Structures are given as structure tokens and as C-alpha cells.
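1. Quick one, fold the following:
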Amino acid sequence: MLLVSLLLEFGKNKIIMAIKTALLIGTPSLREVSSPITPEDFGSAWLLELIQDLHDSQEHYGGVGIAAPQIGVIDELFYLALSIPNATKCRSGT
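-> You can find the predicted model right below:
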């Protein structure tokens, strides 16, 4: 439920596009232990901005997903872009 709330909030708050530089394999910070995202972080401005940065960077680099440490933010967050065919046609009970 928290994830759904975060995604709904994310959709309302468009932030200016920010493409971050992707770190290369071997960059020391990629081996650091990431900080967890807590329920208290959901809906916060910094987390919404980080999600937007991950989205923009992932689209720029043409990948399917990107993790926060790959753009230099040592937090446990992964952005995955999925395309679900006919998602609007799903019906319950059928």
C-alpha cells in the first residue's frame, strides 16, 4: 500500500528532468552498503526527486532499470520500467 501511495504522489509532482551520470564498474562507491528507505521517507520531496532522477537517467541510457547507487546515491532504491500490455483492460473476477 505504501508503494502505491508513493507512486500516486509521484505522478502528481513532476520535477524538472535530471539525467545523472551513470557510474562505471569499479567505482568504489558502488561497493558501499546502501541506506534503507523507510516508510517515513515515502512521499518526501527528496525521495520523489530521487525517483524522478532514476526515471530520467534510466530513459536516457535506454535501460530497463537502474539503482540509486549507479547514479551516486547510496540508498536502497531500484527503478524498474515495465510495460504491461492491455493493463487498462484488466478486470477483476473474469
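2. As a check, name the ranges of all helices in the chain.
-> Listed in chain order, the helices of the chain (DSSP state H) span 2-12, 45-61.
3. Could I get the average pLDDT for the longest one?
-> In this model, helix 45-61 has a mean pLDDT of 92.
4. Could I get the contacting residues of residue 77?
-> Going by CB atoms under 8 Å, 6 or more residues apart in numbering, residue 77 touches 37, 47, 50, 51, 54, 67, 68. Using the backbone N, CA and C atoms, a C-beta is placed for each residue, glycine as well.
5. surely residue 41 meets residue 50?
-> No: using CB atoms under 8 Å, residue 41 is not in contact with residue 50; the gap is 9.5 Å.
6. Please say which of those two ends up with more neighbours.
-> A direct count of neighbours by other CB atoms under 10 Å for residue 41 and residue 50 places residue 50 higher, at 22 against 17.
7. and the gap between residue 71 and residue 49?
-> 12 Å (CB to CB, to the nearest Å).
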